[in-house]
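K.L.:
Pasting the sequence and the predicted model now:
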2 protein chains.
Amino acid sequence: MFQDFKLVGDRPVAIQVKEYIKRLIIKGTFHKDQKLPSTREMSSVLKVSRNTVIAAYEGLEDDGFTYTIPSRGSYVAAMVDRLVADNGGDDASFAWQIDWKTRMSKYAVSAAELDMMKQGIRAPRGIISFTSIAPDEQLFDLGDVRRAFMDRMAIEGQVLLNYGYAKGYKPLIDYLMRYMENKGVDISGKDLLITSGFTEGFDIVLSALRPSARRGTVICENPTHHTAIKNLKLQGFEITGIPMERDGINVEQFEAVLQKQTNSFDLAYLTPSYHNPTGIVMSPAKRSAVMNLMMRYQIPVIEDGFNEELRYSGAHIAPLIATAGRGNGVIYIGSFSKVLFPGLRVGWVLGDRALIDTLESIKRARTIHTSTIDQSILYQYLLNGNFEKYVKRARMEYKRKYELTKACCDTHLSEAQLSGDGGLHVFLTFPAGVNTRQLLEACIDQGVIYTPGDKFFIHEGEGTNTLRLGFSRVTDEQIERGIQIIGQQVRNFHKACGHKNNP
Amino acid sequence: MFQDFKLVGDRPVAIQVKEYIKRLIIKGTFHKDQKLPSTREMSSVLKVSRNTVIAAYEGLEDDGFTYTIPSRGSYVAAMVDRLVADNGGDDASFAWQIDWKTRMSKYAVSAAELDMMKQGIRAPRGIISFTSIAPDEQLFDLGDVRRAFMDRMAIEGQVLLNYGYAKGYKPLIDYLMRYMENKGVDISGKDLLITSGFTEGFDIVLSALRPSARRGTVICENPTHHTAIKNLKLQGFEITGIPMERDGINVEQFEAVLQKQTNSFDLAYLTPSYHNPTGIVMSPAKRSAVMNLMMRYQIPVIEDGFNEELRYSGAHIAPLIATAGRGNGVIYIGSFSKVLFPGLRVGWVLGDRALIDTLESIKRARTIHTSTIDQSILYQYLLNGNFEKYVKRARMEYKRKYELTKACCDTHLSEAQLSGDGGLHVFLTFPAGVNTRQLLEACIDQGVIYTPGDKFFIHEGEGTNTLRLGFSRVTDEQIERGIQIIGQQVRNFHKACGHKNNP
């Protein structure tokens, strides 16, 4: 006995001893009412100080695993009574097996089926991966984040660790309202809900606005953000996609679809700036046209404020919710995750005050409130002016990579049409014959992966000739080499298909 | 112009200047292509240094609000194009008003209706409030939390700020698996999902297990946790409640209901330890009996690990999931929120591996993942051995308050039956005639509030003679005075009803 006790790492030794003895009790090595070895004996067997054993024994009693008989010692109090079947069979616990698969809801089954992360390509070490559009953590200013945490803790203290409000951390709400006002939003009659990132905000809005008696209908850009497609499907929405042009959604087709439809759409979902995956910024003229359509047909808009901060050139373009003035038809969902820290799960929903009030109740029912630590770190970081400094540096670095990526694509992938006016990725559309999933297999063999574009399209079979290249977490050298390799594979692909580049 | 510029607080001045000018541009004070005052002029008007203005002007250009003509100055680039109706009416933005109320889903309407926080009693300052069962933040060891954050940041650095995994922060998952093993759980075939607190875990489990074609059915203790009742209703479950006895649920009635039911229940929801609101710990004998029933009727159990750490006396009692051995029928949902820091939104779901795999997909669809900062602080705090130290102190303090509360109830509220073997509250059941909502009105006038017990009961009209007293955030003096006042009001209540204590 006691030979398997090993001290590990830097945990307090008394706790390690306590947990070790707990496991012996649970395993049945010590029986109920059995006396534990004296602290002196235990100390010599385990080769730890006697004080450590005394502390461990105290802990065991605190946790109810032992009881003390004064001047006699510690006795084992508890064991787990394993389930015994009525007939007394002692393997009864094996007998109770629920077949969970048969009990899963439709929602759960779809959530698993639509979970692309689980079907994602695992990148072997050393491979050049263009699949991520998460920010480059090397740019994070850890010192400023640390300071923000310490500053806020010093100001607010313990309060930060107790319950907060479902609507969010008040100073951050006020800050973000002002922040949105500075983007030109008329905030009268509007309110703001803090969520655990964009995804929670989007999902809450959808569950608030899905019709109860029938499937919901939504109209959006095609292709679009695949998480949005997933959540729309999960919430039972039927999705109508409108193709993209170089300056945003095809407005003529948009209008044509609206005219044909007898019942209007329940929702529009739009990403007017640095659209995912195409990276396109919708032109001011199209914004006006789209908003007029939405108003005419009374279709509420969910605006995805994706990457709005990562503009590399051109003038500031106000979000749709600013264009709508005092109109209450736009729900704006924002997040700093893509440009700042995705690990801090903080997003926000800005919209009509009465709507936000209901969304707050849904938020409360789902997660009580968003992490106060996350919210307060973010708030203090913004307040300290760190965000401006960081974004300036990040923009400069990402812009450089963006231009390098573009240049490499011009050289090696000239037959593909490139789109993307900012953000952390570009989107490539090849001539119709190039299947980017087949191409990917060849590229993987050469040590390069990217995201096939079809997953961003509403219907199966669309966008099979497209791909997304995320450049934020790839080195310059990898960008050059990776795109060169993709280019070679495209040429091989053509050869294999009987098309030759040099006739 | 510029007279309304005022420096506030401790934000960097250049940012304040930048945002001030942004607002002027947005309001239309500066027009498109208008030249901004020179940095020299601006500096003298705003009474800030010229370097500050230069930095602010640079920021405006970075954000796309201005453009520079070399050797001439900064010009305004952008304004918000407010929505203009097709007929050119300039108040068009007012015209676009969506009537959100008519568009709300049933789910949203129920979420708002069942949102008790919004209907809660606002406590005026100075009132003695027994409504909270949140931990006392005075007990929080802020220094240890700070150290946990700094330690973890030093070890992991930037990684903590980038995307994490939907399943949770790996070191914390491993820690909690071990933690549950130390409670006697056989973890073979099981897995663990980290959630944003108990509530998210519970809601995810319900949405995975609600039947798709009909309303779900659930059986649980009555009364029970009101958030659980809310979420069960929101997810469309029909709830059958089984009354409580001093040592837990009434097993005979439980069995009788199961026998009568032609279709078995989809789920059981049970809180065997420090049940909310009654504070009762289910006896080992009843645990076995209940688990045998669940096995016989093949009813999956959601076990609420509520406050399991706040045991003040008696032996450790293993959770139901430990009793089930290798059986996979129990889903355990745990959280440190009630005993540790509710502001850190971290809970966990422990259960069958295949089930957890599906729950992970739902979690990803809802919030991507739980805050990595929260998870890593909690992990390091546990690893450092701070939790044991804290719980020891917290138990001692809460136990003292618990005993004080009990003694005061014995003195002033002797006609009420008190229950509660641990945790942060006691539960009182008065003789049938005492309506605790009417009593509450009288108490509010005297400066005392508590939580009427009826909100914990499944059906309207039940538990009208019960109340919950949370003592964690009330001083000793307030406990004594508050309970005394409630006692007086009970006596007045009897007098008013014509019952006299002294015949």
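P.N.:
Arrived safely.

K.L.:
Residue of the stretch 401-503 of chain A nearest chain B, please.
P.N.:
Closest residue of the stretch 401-503 of chain A to chain B, Cβ to the nearest Cβ: A:R473 (9.0 Å). Quick note: C-beta positions are derived from backbone N, CA and C, even for glycine.

K.L.:
and the residue of chain A positioned farthest from its centre, which of the three is it?
P.N.:
Most distant from the centre of chain A: A:S71, at 57.7 Å, with distances by Cα atoms, centre = their mean. Assigned by DSSP: H, G, I helix; E, B strand; the rest coil, the conformation of A:S71 is coil.

K.L.:
And it, how close does it get to A:S38?
P.N.:
12 Å (Cβ to Cβ, to the nearest Å).

K.L.:
what does A:E221 give?
P.N.:
For A:E221, the distance to A:S38 - Cβ to Cβ - is 74 Å.

K.L.:
do A:L206 as well
P.N.:
Applying Cβ to Cβ to A:L206 and A:S38 gives a distance of 63 Å.

K.L.:
Looking at those two, which one has more neighbours?
P.N.:
Between A:L206 and A:S38, A:L206 has the larger neighbour count (other Cβ atoms under 10 Å in any protein chain shown), namely 23 against 15.

K.L.:
Would you tell me what the next helix or strand after the helix or strand where A:L293 lies is?
P.N.:
For A:L293, the element it lies in under DSSP states H and E is helix A:284-296. On the C-terminal side of helix A:284-296, the closest following helix or strand by DSSP H and E is strand A:301-304.

K.L.:
circling back: please point out which parts of the helix holding A:L293 sit buried.
P.N.:
Within helix A:284-296, the residues that qualify as buried are A:P284, A:K286, A:R287, A:S288, A:A289, A:V290, A:M291, A:N292, A:L293, A:M294, A:M295, counting by 16 or more other Cβ atoms under 10 Å in any protein chain shown.

K.L.:
if we can go back for a sec, the nearest residue to the residue of the stretch 401-503 of chain A closest to chain B once chain neighbours are set aside: what secondary structure?
P.N.:
Distance criterion Cβ to Cβ, 6 or more residues apart in numbering or on different chains; nearest residue to A:R473, sequence neighbours excluded, is A:S132 at 4.9 Å. At A:S132, secondary structure determined by three-state DSSP is coil.

K.L.:
and the gap between A:S132 and B:F198?
P.N.:
32 Å.

K.L.:
in the stretch 401-503 of chain A, which spans are strands?
P.N.:
A:417-419, A:425-429, A:448-449, A:451-452, A:466-470 (DSSP state E, counting those that start in this stretch).

K.L.:
Of the ones you listed, which is nearest B:P243?
P.N.:
strand A:451-452 (56.1 Å; Cβ to Cβ).

K.L.:
A:H226 against A:M117, yeah?
P.N.:
No: with contacts counted by Cβ atoms under 8 Å, A:H226 stays clear of A:M117, the gap being 10.5 Å.

K.L.:
Between the two, which is the more surrounded one?
P.N.:
A:H226 (18 against 12).

K.L.:
circling back: burial count for the residue of the stretch 401-503 of chain A closest to chain B?
P.N.:
Counted with other Cβ under 10 Å, the neighbours of A:R473 add up to 19.

K.L.:
what do you get for A:K22?
P.N.:
23.

K.L.:
Contacts only, for A:D151.
P.N.:
A:Q380, A:N384 (Cβ atoms under 8 Å, 6 or more residues apart in numbering or on different chains).

K.L.:
What score does it have for pLDDT?
P.N.:
pLDDT, A:D151: 95.

K.L.:
related to what we said a few turns ago, ok, the residue of the stretch 401-503 of chain A closest to chain B touching A:A134?
P.N.:
Yes: the criterion here is Cβ under 8 Å, and A:R473 meets it with A:A134 at 6.5 Å.

K.L.:
And A:S207, how far from chain B?
P.N.:
6 Å (Cβ to the nearest Cβ, to the nearest Å).

K.L.:
mind exporting whatever helix or strand that residue lives in as CSV, just the C-alpha atoms?
P.N.:
Using DSSP H and E, A:S207 sits within helix A:197-209. The C-alpha trace of helix A:197-209 is given here as CSV (Å, rounded to 0.1, in the frame of the first residue of the first chain):
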residue,chain,number,x,y,z
GLY,A,197,-19.5,37.0,-28.5
PHE,A,198,-21.3,37.5,-31.9
THR,A,199,-22.5,33.9,-31.9
GLU,A,200,-24.6,34.2,-28.8
GLY,A,201,-26.0,37.5,-29.9
PHE,A,202,-27.0,36.1,-33.3
ASP,A,203,-28.5,33.0,-31.8
ILE,A,204,-30.5,34.9,-29.2
VAL,A,205,-31.9,37.3,-31.9
LEU,A,206,-32.9,34.3,-34.1
SER,A,207,-34.7,32.5,-31.3
ALA,A,208,-36.6,35.7,-30.5
LEU,A,209,-37.7,36.3,-34.1
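
K.L.:
Just name whatever secondary elements that helix is in contact with.
P.N.:
strand A:190-195, helix A:226-234, strand A:301-304, strand A:330-335, strand A:347-352, helix A:353-367, helix B:106-113, helix B:353-367 (3 or more Cβ pairs under 8 Å, 6 or more residues apart in numbering or on different chains; DSSP states H and E).

K.L.:
Compile these into JSON lines and extend it with columns for mean pLDDT.
P.N.:
Below are the helices and strands packed on helix A:197-209 laid out as JSON lines (pLDDT from 0 to 100):
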{"stretch": "strand A:190-195", "mean pLDDT": "98"}
{"stretch": "helix A:226-234", "mean pLDDT": "96"}
{"stretch": "strand A:301-304", "mean pLDDT": "97"}
{"stretch": "strand A:330-335", "mean pLDDT": "96"}
{"stretch": "strand A:347-352", "mean pLDDT": "97"}
{"stretch": "helix A:353-367", "mean pLDDT": "96"}
{"stretch": "helix B:106-113", "mean pLDDT": "94"}
{"stretch": "helix B:353-367", "mean pLDDT": "96"}
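
K.L.:
Need those in a markdown table (columns: distance to B:Y165).
P.N.:
A markdown table is the format used below for the helices and strands packed on helix A:197-209 (distance: least, Cβ to Cβ, whole Å):
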| stretch | distance to B:Y165 |
| --- | --- |
| strand A:190-195 | 20 |
| helix A:226-234 | 16 |
| strand A:301-304 | 24 |
| strand A:330-335 | 19 |
| strand A:347-352 | 19 |
| helix A:353-367 | 18 |
| helix B:106-113 | 28 |
| helix B:353-367 | 9 |
